[in-house]
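*Asks:* Here's my sequence, what's the structure:
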Amino acid sequence: MPIINITLIAGRAPERKRLLIEKVTDAVETSLEVPRSSIRVIINEVPAEHFAVGGVPKS
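*Replies:* Below you'll find the model as predicted:
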């Protein structure tokens, strides 16, 4: 059972996250040739002040 963890900065619209889940599921189903029902996608959202790039918070 593939489990895909995705970490995002909080704030994206629910419909964007739904589309992401759908597209990731499609890609895993196709590339690994596994049934959709076995694929798990977990989105972890973190506040911008807890996410940094190059030592600089995204907030």
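*Asks:* mind listing the helices for this structure?
*Replies:* 14-32 (DSSP state H).
*Asks:* And Lys58, how close does it get to Ile42?
*Replies:* 21 Å (C-beta to C-beta, to the nearest Å). (C-beta placed from N, C-alpha, C; glycine too.)
*Asks:* And Asp26, by the same measure?
*Replies:* 17 Å.
*Asks:* what pLDDT, on average, does stretch 15-32 get?
*Replies:* Regarding stretch 15-32, the rounded mean pLDDT is 98.
*Asks:* chain center to it, what's the gap?
*Replies:* Centroid displacement of stretch 15-32 relative to its chain, using C-alpha atoms, centre = their mean, to the nearest Å, is 9 Å.
*Asks:* Could you give the bridge partners of Ile9?
*Replies:* Val46 (DSSP bridges).
*Asks:* which ones are touching it?
*Replies:* Ile9 makes contacts with Glu45, Val46, Pro47, Ala48, Phe51, Lys58, as judged by C-beta atoms under 8 Å, 6 or more residues apart in numbering.
*Asks:* Include pLDDT when you put those residues into a markdown table, please.
*Replies:* Below are the contacts of Ile9 laid out as a markdown table (pLDDT from 0 to 100):
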| residue | pLDDT |
| --- | --- |
| Glu45 | 98 |
| Val46 | 97 |
| Pro47 | 97 |
| Ala48 | 96 |
| Phe51 | 93 |
| Lys58 | 91 |
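*Asks:* between these, which is closest to Arg12?
*Replies:* Nearest to Arg12 out of these is Glu45 (C-beta to C-beta; 7.9 Å).
*Asks:* So for the closest one, what's the nearest residue that isn't a sequence neighbour?
*Replies:* Computed as C-beta to C-beta, 6 or more residues apart in numbering, the closest residue to Glu45 that is not its neighbour in sequence is Ala10, at 4.1 Å.
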